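[1] only the shape, not the letters, is given here:
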């Protein structure tokens, strides 16, 4: 599929653009300083280290979808447990409902995640104009 903005057929997969825009940073510095004043001499020594990942703006735009399913499931299960805690007096019923809710939310999160990853696989970045689009 050609770019809907400029019509170019020169594109890259978003996953490749994402990876190409990541750079590992690992730097270290050392310094020594000497100061003289007021009849005294002072010596200072310092060092610093920086480690991390630098990411370009285009790489951020081409990033894969975030996996929020675990976080969403935990919040949903906490709400479910809280609500059923007021309605049910028996602990075994509450435990059963909690497990049932966990299974339901786990399955729905997995299906949604698969859909997101499937859509991401068709995400493209035009090499001429930089437009990001989906090639369905």
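    Right, received. Where do you want to start? All of these numbers come straight from a predicted model, not from anything done at the bench.
[2] do a quick rundown of the strands in the protein.
    In chain order, the chain shows strands spanning 11-13, 22-37, 40-55, 123-126, 132-134, with DSSP state E as the criterion.
[3] could you give the mean pLDDT of the last one?
    Read it as strand 132-134. Averaging pLDDT along strand 132-134 gives 94.
[4] in that strand, which residues are buried?
    By 16 or more other C-beta atoms under 10 Å, the buried positions in strand 132-134 come out as 132, 133. The C-beta positions use only the backbone N, C-alpha and C, and glycine is treated the same way.
[5] quick revisit: now render the strands of the chain as JSON lines, adding distance to residue 115.
    Compiled in JSON lines, those are given as follows (distance: least, C-beta to C-beta, whole Å):
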{"stretch": "strand 11-13", "distance to residue 115": "18"}
{"stretch": "strand 22-37", "distance to residue 115": "25"}
{"stretch": "strand 40-55", "distance to residue 115": "25"}
{"stretch": "strand 123-126", "distance to residue 115": "13"}
{"stretch": "strand 132-134", "distance to residue 115": "13"}
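[6] so which of those gets nearest residue 64?
    Distances from residue 64 to each of the strands of the chain were compared by C-beta to C-beta, and the smallest falls on strand 123-126, at 8.7 Å.
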